[in-house]
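Visitor: Kindly return the folded structure for what I paste below:
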Amino acid sequence: MLKCRFAVSGRAHHGGMIFKSKPPRELGVVVVRDVDRIAEAVDAALARATDAERPGLERAAALIAETPRPSEAELRVRWVRERFAAAGYEGPAESARAVKVLRDAEPSLSLVAAVRLVKEAAAAPEA
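Guide: Numbering: from 1, shown residues only. Model (predicted):
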């Protein structure tokens, strides 16, 4: 007997039975970049700063401007490595165990997302 599967309106049909299918999971990691907002806030504070506050705010503005801004990939790699460190995992980055550790640390990650993140971390140079 031939069985077919197709999706219609978010439902999967299997041989006459209807099962609700899960939507595909995305990567699961959102990179948040607040540095521009922080820089704007420091600049606004500097514009209304007293003479006593000005040196500290000027130094903060300089530090923000001097700090390199990592790419989204670099931030994801850092995030994965932080999850490994928090779990006490020191094994190979590209392994089934690494994927398990990452998914245990972040249960909302799909298997596909965890594999991609682990591969990305394994390929990145050590910081």
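Visitor: quick one: contacts for A98?
Guide: 84, 89, 91-92, 118, 121-122 (Cβ atoms under 8 Å, 6 or more residues apart in numbering). (Each C-beta comes from the backbone N, C-alpha and C, glycine too.)
Visitor: Over to L46?
Guide: 54, 57-58, 61.
Visitor: Against L63, how distant is it?
Guide: 13 Å (Cβ to Cβ, to the nearest Å).
Visitor: try V42
Guide: Distance from V42 to L63, by Cβ to Cβ: 9 Å.
Visitor: who's more crowded, these two?
Guide: Legend: neighbour count by other Cβ atoms under 10 Å for V42 and L63, higher for V42 (21 against 10).
Visitor: In a helix, E126, correct?
Guide: No. Counting by DSSP: H, G, I helix; E, B strand; the rest coil, E126 falls outside a helix, being coil.
Visitor: And the longest helix that the chain contains, what does it pack against?
Guide: Scanning the chain for the longest helix, with DSSP state H as the assignment, gives helix 72-87. Contacts defined by 3 or more Cβ pairs under 8 Å, 6 or more residues apart in numbering; DSSP states H and E place helix 72-87 against helix 96-105, helix 111-123.
Visitor: Before I go, just wanted to say thanks for your time.
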